[in-house]
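> heads up, no residue letters with this:
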């Protein structure tokens, strides 16, 4: 999959998280910093473990409609931090306290950051 196709899937995942009331949605372009890991991180905050699982389920459903196959998922049962690995991108769905504690944004501070803007995405900007 090329970077444009990967980016489109990341945006679809972000939109799915938004549609399920995900908060503080952030896309990190990891590929420019550590391309051996993945190209993008999508980081989303949820309110409860059930909320995280609902977002994960919806993201998987939406991406499977696009033909994307998840390599693996971690943390689903515990529900504090769900990691969905799609190879070229990784979705991190976290409780607010977990996100603050691990602070992936700070850990990957050299990565290009992009706040998800649903209006901008719908216009195709």
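Thanks, I have the structure now. Since this is a predicted model, take the numbers as computed values, not measurements.

> tell me where this structure is predicted with low confidence.
Scanning the chain for pLDDT under 70 picks out the ranges 1, 35, 118-125.

> and whichever helix or strand residue 63 is part of, what does it pack against?
Element membership of residue 63, judged by DSSP states H and E, is helix 49-65. Packing partners of helix 49-65 (3 or more C-beta pairs under 8 Å, 6 or more residues apart in numbering; DSSP states H and E): helix 3-19, strand 40-46, strand 81-85, strand 89-95. Heads up, the C-betas are built off the backbone N, CA and C, glycines and all.

> tilt between the shortest one and strand 40-46?
Relative orientation of strand 81-85 with respect to strand 40-46: 150 degrees, computed using axes from the mean of the first three to the mean of the last three C-alpha atoms, to 10 degrees.

> walk me through which strands the helix or strand following the helix holding residue 63 pairs with, and which way each runs.
Following helix 49-65 in sequence order, the next helix or strand is strand 72-74 (DSSP H and E). When pairing is defined by DSSP bridges, strand 72-74 lines up against strand 81-85 (antiparallel).

> buried set for the partner strand?
Buried positions in strand 81-85, judged by neighbour count with 16 or more other C-beta atoms under 10 Å: 81-84.

> which one of those residues is nearest residue 110?
Within the buried residues of strand 81-85, the smallest distance to residue 110 is 20.9 Å, found for residue 83 (C-beta to C-beta).

> so what's the closest one up against?
By C-beta atoms under 8 Å, 6 or more residues apart in numbering, residue 83 lies in contact with 73-75, 90-92.

> which one is it nearest to, not counting chain neighbours?
Nearest residue to residue 83, sequence neighbours excluded (C-beta to C-beta, 6 or more residues apart in numbering): residue 74, at 4.5 Å.
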